[in-house]
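*Asks:* Kindly return the folded structure for what I paste below:
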Amino acid sequence: MRRIAITNQKGGSGKTTTAVNLAAALGEKKRRVLVIDLDPQCSATSWFGLKNTEKGVFRVFIENGNVLDIINQTNVPNVSMVPASPWLVGVEKALAGEVGAETILRRHVHTIPPDRWDYLLIDCPPALGILTINALAAVSEVLVPVEAHVMALEGLAQLVQTVDVVKERLNPELEISGILACRVDGRTRHAQEVVEQLQSRFGDLVYKTVIRENVRLAECPSFGKPIMHYDPRSYGAQDYRALAAEVIRQEKRRE
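*Replies:* Modelled structure (predicted):
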C-alpha cells in the first residue's frame, strides 16, 4: 500500500480537490483507495457525501479508537474513507506536550492490512500543525499541490523544510514524490512562468500533468461528486485522470 500525504499549508492550493479527485481517478483505474480526512473543515468528507460521522478520525487521536472501525465506504467505486469531524479543531490543544503525539496516526496506520488497499491518501489541514506532522510521520510520500501563482512558491519552500525536518527526526523514509501545479490558467503568461519556475527548481518532481483552471471542477463539490462523475468530459476530469496515470507509473519506479 502506497501511503501519500497531500499537503500544502497554503489555503486554495487545490489540496482537497486533488485528494478527492485523484482518489476517484485511481478508483476508476481499479486501484483500491483509502482516504483519511485530517482537515477540521471536513471538506473531503462532505465531498464524498458522508454525513453524521460523529467524531470520525478524532477518535483515533483522543480516544485511541481503532481506525478500522471508522472506515466508511463512499459512493465512489473502490474508494473508502476515514472521515474528519469539527472535533479535530481541539486536537492541537489536547495533545500539547504529550509524548509521542506526533506519531499517533502512524501507529494506527500500521494496523491497516497493507493488502486491503493499494493507496492511502491523507488530506491534510492547511497548516503545519500536529495533524499535518502526524500525516507526514505516517506516510512514505508527499504530494504537494501548488497554485500557479508566484506567491504560492514562498510557502512551498517552508513546506519542503518541514518535510526535511520530519524526515530527519521522525520518518527516514519520507520523500516528496510529486509537485502538482493547480489552477493553471493557460490564458495567462504568469501561470506558465510559475510552472516553469517549479520545473526549473524541482525538475522531475514536478508532474507533467497540470490541473487547469476549470469552472466544472469548482462546481462539483456542491453536488457531492468527484469531477469524473459530475462532468466526465471536462478538463478537470481529463487532468485528474492524467495525474492518476502518472501516479500509477510511479509504482514501477518504486518497486
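*Asks:* name the element the residue nearest to Ser234 when sequence neighbours are not counted belongs to?
*Replies:* Computed as CB to CB, 6 or more residues apart in numbering, the closest residue to Ser234 that is not its neighbour in sequence is Arg216, at 4.0 Å. C-beta: built from backbone N, CA, C; applies to glycine. Per DSSP states H and E, Arg216 falls inside helix 215-219.
*Asks:* Quick one: mean pLDDT over that helix.
*Replies:* Model confidence over helix 215-219 averages 94 on the pLDDT scale.
*Asks:* Name the next helix or strand following that helix along the chain.
*Replies:* Next along the chain after helix 215-219, taking DSSP H and E as the criterion, comes helix 227-230.
*Asks:* Please name every helix or strand in contact with that next one.
*Replies:* Using 3 or more CB pairs under 8 Å, 6 or more residues apart in numbering; DSSP states H and E, the elements in contact with helix 227-230 are helix 15-28, helix 215-219, helix 235-254.
*Asks:* who wins for proximity to Val206 among those helices?
*Replies:* Comparing the helices and strands packed on helix 227-230 against Val206 with CB to CB, the closest turns out to be helix 235-254 (10.7 Å).
*Asks:* Pick the most buried one from the helices and strands packed on helix 227-230.
*Replies:* Ranked by mean neighbour count under mean count of other CB atoms under 10 Å, the helices and strands packed on helix 227-230 are led by helix 15-28, which reaches a mean of 26.
*Asks:* quick one: the helices in the protein?
*Replies:* Per DSSP state H, the chain has helices spanning 15-28, 43-47, 58-62, 91-94, 104-109, 130-138, 150-169, 189-202, 215-219, 227-230, 235-254. These are given in chain order.
*Asks:* Now render these as TSV, adding distance to Gln73.
*Replies:* Conversion of these to TSV gives the following (distance: least, CB to CB, whole Å):
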stretch	distance to Gln73
helix 15-28	11
helix 43-47	13
helix 58-62	18
helix 91-94	25
helix 104-109	19
helix 130-138	22
helix 150-169	31
helix 189-202	36
helix 215-219	24
helix 227-230	15
helix 235-254	20
